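Enquirer: Okay, sequence plus prediction incoming.
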Amino acid sequence: MDTTRRGFTVAIVSLASLSGCSEGLLSDENTPIEDFDVTDIELVNEQAESIEVTVTATADSETEFDETATIEAEENRMFDDPLADDTSYTITVTVNDELSKEYDWSPETRDDSGVRVLIDSTEIEFEGITA
């Protein structure tokens with residue numbers, strides 16, 4: 001009989017602690033994932049020195065976005081929403097007028113996809129990001 005009471009007590013305590021956790025997860029204070037907005041373009045300087053980066057986005061041979069920014073060592077720069085969601089782009093990133101790379105990007109029609117550009121001293125790497 002002792003074992004049954006002990007097991008019952010442990011089960012009650014476990015359920016009580018879980019109910020508190022699930023309330024926190026479902027509260028109105030938490031933002032649902034669908035409400036997050038992903039940056040269209042994020043530049044990440046992985047170097048130990050500042051760099052000058054030019055980003056150009058073209059669609060159908062027309063320049064839609066052209067921006068130059070200085071990014072400090074190990075910092076990043078975000079361009080929140082300069083590109084249309086339903087258009088395909090060729091994104092060109094040039095670092096210090098020396099290193100350059102292109103990326104063909106076809107975003108979904110939702111505003112939950114973007115591109116992160118990782119820049120180190122020898123390479124530019126593109127990766128897709130989504131919410």
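Expert: Thanks, I have it.
Enquirer: Pull out the buried positions in stretch 94-108.
Expert: Under the neighbour-count criterion of 16 or more other C-beta atoms under 10 Å, stretch 94-108 has 94-95, 99, 103, 105, 107 buried. The C-beta positions use only the backbone N, C-alpha and C, and glycine is treated the same way.
Enquirer: ok, now stretch 81-98?
Expert: 83, 89, 91-95.
Enquirer: how about these in a markdown table, adding pLDDT?
Expert: Shown next, in a markdown table, are the buried residues of stretch 81-98 (pLDDT from 0 to 100):
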| residue | pLDDT |
| --- | --- |
| L83 | 88 |
| Y89 | 94 |
| I91 | 96 |
| T92 | 97 |
| V93 | 98 |
| T94 | 98 |
| V95 | 98 |
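Enquirer: So which of those are in helices?
Expert: Assigned to helices by DSSP state H, none of the buried residues of stretch 81-98 qualify.
Enquirer: Would you mind listing the two of these that lie farthest apart?
Expert: Across the buried residues of stretch 81-98, the longest distance by C-beta to C-beta is 20.3 Å; it joins L83 and V95.
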